[in-house]
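Enquirer: Give me coordinates for this.
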Amino acid sequence: MESKLRQGLAVSALGLLLSAVLGSSACSSDAPTGASPFVDGGGGLLQEAGAAVISGDGGTLRSFTSPGDPGANAVYVTVSGESNAVTGYPFPPSDFGNDTYMVDGWEFTIDEYIVNIDQVVLWSNPNKEPTRQSDPGDQQVAHLDGPFVVDLHKGGAIPGQGGPPERATPLGVIAGQNDNGGASFATDGTTYGFGFSTVQATYDAYNVNLDATEAADFELMVQKGYSVLYVGTARWKGDDPSNPYTCTETAAGQNGDAGAYDFSPMDRLTFAFKLGFATPTHYVNCQNMSLMGMPNAGEDYPRGLALSSSQSTIAQVTIHMDHPFWESFQEDTPVHWDDIAAQYVGSTANPVPVSTEDFVGVPFHPWFDKTGAPLPWRNCSGSNYTPPGNGQMFFSTLSVPIDPNGTCTGTIGQDYTQASCTSIRDYYDYIRFTQSTQGHLNSQGLCFIDRQYPAPAGGS
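Expert: Numbers count the residues shown, from 1 in each chain. You can find the predicted model right below:
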């Protein structure tokens, strides 16, 4: 379970600062081809799921060799989507009280969960500004170049930081301060700030584990500028005989009465989704649940990494899968599919193809189905879930303004801490905004969210 979302103030200079500093560490057009330069930090090589040669109009992904554990006084950079990236969200869940699942009875099967990771950076003095997590520290001292293209659904070769059955995939090793004259890392308890980015897909990247069956989906990511792509299927299982609970709904149906809304037109559909997100984001000065010590006031865990003289220090880039489906911008709220399914009521296609772009212009505060009928909250998990209202379904943006007539200007890849886009206009904006909060360190460590696409300024 994730910790409570902290709202923070954006700093207008942050994007410019990161662009200037990170620019020197990004892949350039003359970067070496062939195996990753981060091949072996001393612990040998690990075998990942066989990556294929993936080519398209934009070129060919580079080959990659997975690095082994480097040992003492080094950072072992890995990536994971947690256990749900492998299992999806079965319904009914094994544990209604602790598992993540669609509370409205949908089973969410994931086939591919492809992310593009780059700009892994370490900074000195991450607590320079104890009340402002957006300040990464004094200076960048080390980096790991990518981009790395990874399908997190495949798991990985080493245990994940969230505990079994999570598995993580190694990306590389940072053996010293390669941006600070090659100095060794301190092992006296000194902490180093940690950050990373999700970036738009490009063939100028390392193929960590994509196989030939994913070539077309990666080409789609390049064409659409996606940084993250979900591929899978959703089916309604609320009436499964193994579900101990009877599904109920609130009183916002077609007649304004509880039980009046007819869910059957959507429940009999199967949804084949390809949800792509053109939402490049810097995850800055991350907290670390694996780090001992007192956190700063208002934060859940200490910031950054501390190196060890006896073993490697894991820095697991963690990309949580549930964020796009939250009912609120509040961290760790329940997830739903009814709101999405309702937009396809009356569809004659089965399975119904679902894409993120379908939600442009779709209102969410409150929700209606495709026919214009008010959509009630539905609960298929008994007392384990309580809807936030007893009427029509709505999703909350907390303090971020909603304006269906708002405008957003700008170009993806620039800094948007300035309010070039002042409001959430529709569900397309909503799902991208909450999805972009999904990056963490070592499972649950929250980072400051610096979006690099047109979005309202503000906190995480």
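Enquirer: Using CSV, list the CA coordinates for stretch 444-454.
Expert: Extracted as CSV, the C-alpha positions of stretch 444-454 are listed here (Å, rounded to 0.1, in the frame of the first residue of the first chain):
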residue,chain,number,x,y,z
GLN,A,444,7.1,3.5,-1.7
GLY,A,445,9.5,6.5,-1.6
LEU,A,446,7.7,9.6,-2.9
CYS,A,447,9.5,11.9,-5.2
PHE,A,448,8.7,15.5,-6.2
ILE,A,449,6.8,15.4,-9.5
ASP,A,450,8.2,17.7,-12.2
ARG,A,451,6.0,17.2,-15.3
GLN,A,452,7.6,17.8,-18.6
TYR,A,453,4.3,18.0,-20.6
PRO,A,454,1.5,20.6,-20.5
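Enquirer: Identify each buried residue in it, please.
Expert: 444-454 (16 or more other Cβ atoms under 10 Å). (Each C-beta comes from the backbone N, C-alpha and C, glycine too.)
Enquirer: for the protein, which spans come out with low pLDDT?
Expert: 1-50, 253-259, 415-419, 458-460 (pLDDT under 70).
Enquirer: CA-only coordinates of the top strand by length along it, as PDB, when you get a sec.
Expert: Among the segments of the chain that qualify as a strand by DSSP state E, the longest is strand 106-124. What follows is strand 106-124, C-alpha atoms only, in PDB (Å, rounded to 0.1, in the frame of the first residue of the first chain):
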ATOM      1  CA  TRP A 106     -13.400  -5.700 -13.000                       C
ATOM      2  CA  GLU A 107     -10.500  -8.100 -13.500                       C
ATOM      3  CA  PHE A 108      -7.500  -6.200 -15.000                       C
ATOM      4  CA  THR A 109      -5.100  -8.500 -16.900                       C
ATOM      5  CA  ILE A 110      -1.800  -7.000 -18.000                       C
ATOM      6  CA  ASP A 111       0.100  -8.300 -21.000                       C
ATOM      7  CA  GLU A 112       2.700  -5.500 -21.500                       C
ATOM      8  CA  TYR A 113       3.700  -2.600 -19.200                       C
ATOM      9  CA  ILE A 114       6.400  -0.800 -21.100                       C
ATOM     10  CA  VAL A 115       8.300   2.100 -19.600                       C
ATOM     11  CA  ASN A 116      11.200   4.300 -20.800                       C
ATOM     12  CA  ILE A 117      13.600   5.300 -18.100                       C
ATOM     13  CA  ASP A 118      16.500   7.800 -18.400                       C
ATOM     14  CA  GLN A 119      18.500  10.400 -16.500                       C
ATOM     15  CA  VAL A 120      19.200   8.500 -13.300                       C
ATOM     16  CA  VAL A 121      21.000  11.100 -11.200                       C
ATOM     17  CA  LEU A 122      22.600  11.500  -7.700                       C
ATOM     18  CA  TRP A 123      23.000  14.800  -5.900                       C
ATOM     19  CA  SER A 124      24.900  16.000  -2.900                       C
END
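Enquirer: Just list the residues touching Y283, thanks.
Expert: 195-198, 439-441, 447-450 (Cβ atoms under 8 Å, 6 or more residues apart in numbering).
Enquirer: Please repeat the previous calculation with a cut-off of 7 Å.
Expert: Contacts for Y283 (Cβ atoms under 7 Å, 6 or more residues apart in numbering) come out as 195-197, 439, 447, 449.
Enquirer: Now do the longest strand of the chain: which elements does it pack against?
Expert: Packed against strand 106-124 by the contact rule (3 or more Cβ pairs under 7 Å, 6 or more residues apart in numbering; DSSP states H and E) you find strand 140-144, strand 148-151, strand 191-198, helix 215-224, strand 228-236.
Enquirer: try it again with 6 Å
Expert: strand 140-144, strand 148-151, strand 191-198, strand 228-236 (3 or more Cβ pairs under 6 Å, 6 or more residues apart in numbering; DSSP states H and E).
Enquirer: out of the ones you listed, nearest to V173?
Expert: Judged by Cβ to Cβ, the one of those that comes nearest to V173 is strand 140-144, at 7.9 Å.
Enquirer: Not counting its own residues, what contacts the closest one?
Expert: Strand 140-144 has contacts (Cβ atoms under 6 Å, 6 or more residues apart in numbering) with 21, 25, 77, 120-124, 172, 174, 177-180.
Enquirer: what lines up beside that strand in the sheet?
Expert: Sheet pairing for strand 140-144, assigned by DSSP bridges, gives strand 106-124 (antiparallel).
Enquirer: any idea how far the partner strand is from the chain center?
Expert: Put simply, strand 106-124 sits 6 Å off its chain's centre (Cα atoms, centre = their mean, to the nearest Å).
Enquirer: Now do the same contact list for G232.
Expert: G232 neighbours (Cβ under 6 Å, 6+ apart): 109-111, 273.
Enquirer: Grab the nearest non-local neighbour of G391.
Expert: Nearest non-adjacent residue to G391, counting by Cβ to Cβ, 6 or more residues apart in numbering: A252, 4.5 Å away.
Enquirer: For that neighbour, give me its contacts.
Expert: Per Cβ under 6 Å, 6+ apart, neighbours of A252: 374, 376, 391-392.
Enquirer: Kindly supply the ChimeraX command isolating those of those residues that are buried.
Expert: Of those, the buried ones can be selected in ChimeraX as follows, counting by 16+ other Cβ under 10 Å:
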select :374,376,392
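Enquirer: possible to save the contacts of A252 as JSON lines with secondary structure and distance to T313?
Expert: JSON lines is the format used below for the contacts of A252 (DSSP: H, G, I helix; E, B strand; the rest coil; distance: Cβ to Cβ, whole Å):
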{"residue": "P374", "secondary structure": "strand", "distance to T313": "52"}
{"residue": "P376", "secondary structure": "strand", "distance to T313": "49"}
{"residue": "G391", "secondary structure": "coil", "distance to T313": "50"}
{"residue": "Q392", "secondary structure": "strand", "distance to T313": "49"}
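Enquirer: Adding distance to G361, write the contacts of A252 out as CSV.
Expert: Formatted as CSV, the contacts of A252 follow (distance: Cβ to Cβ, whole Å):
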residue, distance to G361
P374, 18
P376, 22
G391, 23
Q392, 19
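Enquirer: Closest one of the contacts of A252 to P93?
Expert: Using Cβ to Cβ, these come closest to P93 at P376, 22.3 Å.
Enquirer: returning to what we had before: widest-spaced pair of the contacts of strand 140-144?
Expert: Of all pairs in the contacts of strand 140-144, the most separated under Cβ to Cβ is S124 and G172 at 20.3 Å.
Enquirer: who has more neighbours, the two?
Expert: G172 (25 against 20; other Cβ atoms under 10 Å).
Enquirer: Was I right to think the more buried one contacts V77?
Expert: Yes: contact criterion Cβ atoms under 6 Å: G172 and V77 qualify, at 4.9 Å.
Enquirer: returning to that earlier point: and the two most separated of the contacts of Y283?
Expert: Farthest pair in the contacts of Y283, by Cβ to Cβ: F196 and I449, 12.2 Å.
Enquirer: would you list every one of the strands in the stretch 301-450 of the chain?
Expert: With DSSP state E, counting those that start in this stretch as the criterion, the stretch 301-450 of the chain has strands at 305-306, 313-319, 352-355, 378-379, 439-441, 445-446, 448-451.
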